[in-house]
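# sequence isn't available, so here's the structure alone:
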């Protein structure tokens, strides 16, 4: 709960403005580090941080997500540790994909946006070509027109993963 309550605000701001503010994410990260030290879970927390931050940093370098999502993933990695952060990332990614797909279908852009991606993936899988997988990069300035507030879905994924043992 130590990270999830403050991140409700971040989920809201990411949804509305597509920005995750450092004045929330960094203190959540630092509190997570303190929590890891106090509970003796430093190793799992640092591995969770490294994996989450590393994977999201790679995606940010490819132009798929913003820096706020990278920092948020790292903060969640500290709190959830390894391997739990992998489930949080998976749940958040699936929810973001469903939301983004719904929006593209609703706007009539599914085929235009997704066909080049799926075609390049299929060519790579079927023919083992070393070609580049087609992805659209984020715009240099501002927010992509069809951008998905990924941080919001990561936070929802964290809440779902946290609540599952309580519910079941």
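Okay, I see it. Predicted, not measured: the structure shown is a model, and the values here were computed from it. Residues are numbered from 1 along each chain as shown.
# spatially, what comes nearest to residue 156 if we skip its sequence neighbours?
In space, residue 156 comes closest to residue 95 once its chain neighbours are excluded; the distance is 5.9 Å by Cβ to Cβ, 6 or more residues apart in numbering. Using the backbone N, CA and C atoms, a C-beta is placed for each residue, glycine as well.
# mind checking how far that neighbour is from residue 35?
25 Å (Cβ to Cβ, to the nearest Å).
# higher neighbour count, those two?
Higher neighbour count among residue 95 and residue 35: residue 95, with 18 against 15, using other Cβ atoms under 10 Å.
# any idea how far that one is from residue 78?
For residue 95, the distance to residue 78 - Cβ to Cβ - is 21 Å.
# for the residue nearest to residue 156, give its distance to residue 13.
If you go by Cβ to Cβ, the gap between residue 95 and residue 13 works out to 18 Å.
# list the buried residues of the longest helix along the chain.
Among the segments of the chain that qualify as a helix by DSSP state H, the longest is helix 84-106. For helix 84-106, a neighbour-count test (16 or more other Cβ atoms under 10 Å) marks 84, 85, 86, 88, 89, 91, 92, 95, 96, 99, 100, 104 as buried.
# that helix packs against which elements?
helix 42-61, helix 67-80, helix 110-127, helix 150-167 (3 or more Cβ pairs under 8 Å, 6 or more residues apart in numbering; DSSP states H and E).
# run the angle between that helix and helix 67-80 for me.
140 degrees (axes from the mean of the first three to the mean of the last three Cα atoms, to 10 degrees).
# can you list the residues that contact helix 84-106?
48, 51-52, 55, 73, 76-77, 80, 110, 113-114, 146, 148, 150, 153-158, 160-161 (Cβ atoms under 8 Å, 6 or more residues apart in numbering).
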